[in-house]
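Trainee: coordinates for the following, if possible.
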Amino acid sequence: MRHTWLARALVVVVTLAALAFGSLGAARAERAPEDRILPLDQYTSDKARRLAARYAEALRALNRTVYACLPWLEVKQHGIGFFKPRHLTGDVRYLALNVVVDQEPSPQFSAYPREERAARMFSRYVGPLLRRMAHDRALLAEPMLDGFTVILSWLKAVPRGAERPVHETIAVFVPRDAAAEYVAGRAGAGQLAEWAHVLAWDGETALGPLKLTAWDDDFVATYRVANYQPDPATPCR
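Mentor: Residues are numbered from 1 along each chain as shown. The predicted structure is shown next:
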């Protein structure tokens, strides 16, 4: 769950029809935390370093737009960068965005089977985040870039007493050509899910690949947080 904004925001309670999200407040004046982007000196290959240097401004813009426009998503520390998917061989590099969804588990959502929960989160977030990741269209034609990774985590259940919070996670790996088809509007979320390789975790337990059925969900485009105005210096697209 997200905690960092609580000390800097006016808290309001937001109730959603399908999912109950945590409290969010008035517009945050400070900049997006810079530690969300992996530093250049922490890359392990020349290919990754060249990508990070070439697209440094694109990474900063991605960090800013998620921070300003989707304040209920928390980008993890070093959660933006050109990472190697562990299930692939060679120096394969995907642009990754790793976020935690600030969502209070509702009985309705928790009652869905695991695959259905994952499908709903995929449908709601993967497409909109992928479009933001590919806002710099040069990435879609970059020969050194092999694809895009969207990692979503959300609280599985409200902890009781001293219980440790357990998050469910999906990591969605989309090849670059498939991402280009989706961003260009030539494919929908259902096709994107067919092309993607999806891995799942229950807390620290790896569950392996999931095959999801997804659909186009307009939540990110239509949802507005009460009493919150994005920084006008960061256009929300």
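Trainee: going by C-alpha atoms from here, please, whenever you check contacts or count neighbours.
Mentor: Fine.
Trainee: tell me the centre residue of the protein?
Mentor: Geometric centre of the chain, nearest residue: residue 99, 4.4 Å, by Cα atoms, centre = their mean.
Trainee: show me where this protein has strands.
Mentor: Under the criterion DSSP state E, the chain contains strands at 20-21, 73-83, 94-101, 103-104, 147-155, 167-175, 197-202, 205-210.
Trainee: quick revisit: got the contact list for the residue nearest to the centre of the chain?
Mentor: For residue 99, the contacting residues are 73-76, 79, 151-153, by Cα atoms under 8 Å, 6 or more residues apart in numbering.
Trainee: and if we set it to 7 Å?
Mentor: For residue 99, the contacting residues are 73-76, 151-153, by Cα atoms under 7 Å, 6 or more residues apart in numbering.
Trainee: grab the nearest non-local neighbour of it.
Mentor: Nearest non-adjacent residue to residue 99, counting by Cα to Cα, 6 or more residues apart in numbering: residue 75, 4.3 Å away.
Trainee: so that neighbour sits right up against residue 100, yeah?
Mentor: Yes: taking contacts as Cα atoms under 7 Å, residue 75 lies within contact range of residue 100: 6.5 Å.
Trainee: higher neighbour count, these two?
Mentor: Between residue 75 and residue 100, counted using other Cα atoms under 10 Å, residue 75 has the larger neighbour count: 25 against 20.
Trainee: which one in the chain is furthest away from the centre?
Mentor: residue 161 (29.1 Å).
Trainee: mean confidence score for stretch 137-157?
Mentor: For stretch 137-157, mean pLDDT is 97.
Trainee: swap in stretch 84-96?
Mentor: Here the average pLDDT along stretch 84-96 is 97.
Trainee: and the residue farthest from the centre of the chain, how far from residue 33?
Mentor: 31 Å (Cα to Cα, to the nearest Å).
Trainee: and stretch 154-165, end to end?
Mentor: Across stretch 154-165, first to last residue, Cα to Cα, it's 10 Å.
Trainee: what's the answer for stretch 95-110, then?
Mentor: Counting by Cα to Cα, the terminal residues of stretch 95-110 are separated by 30 Å.
Trainee: buried sites along it?
Mentor: By 16 or more other Cα atoms under 10 Å, the buried positions in stretch 95-110 come out as 95-106, 109.
Trainee: save these as TSV, and put in distance to residue 229 too.
Mentor: Formatted as TSV, those follow (distance: Cα to Cα, whole Å):
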residue	distance to residue 229
95	28
96	27
97	23
98	24
99	21
100	21
101	19
102	18
103	20
104	22
105	25
106	26
109	28
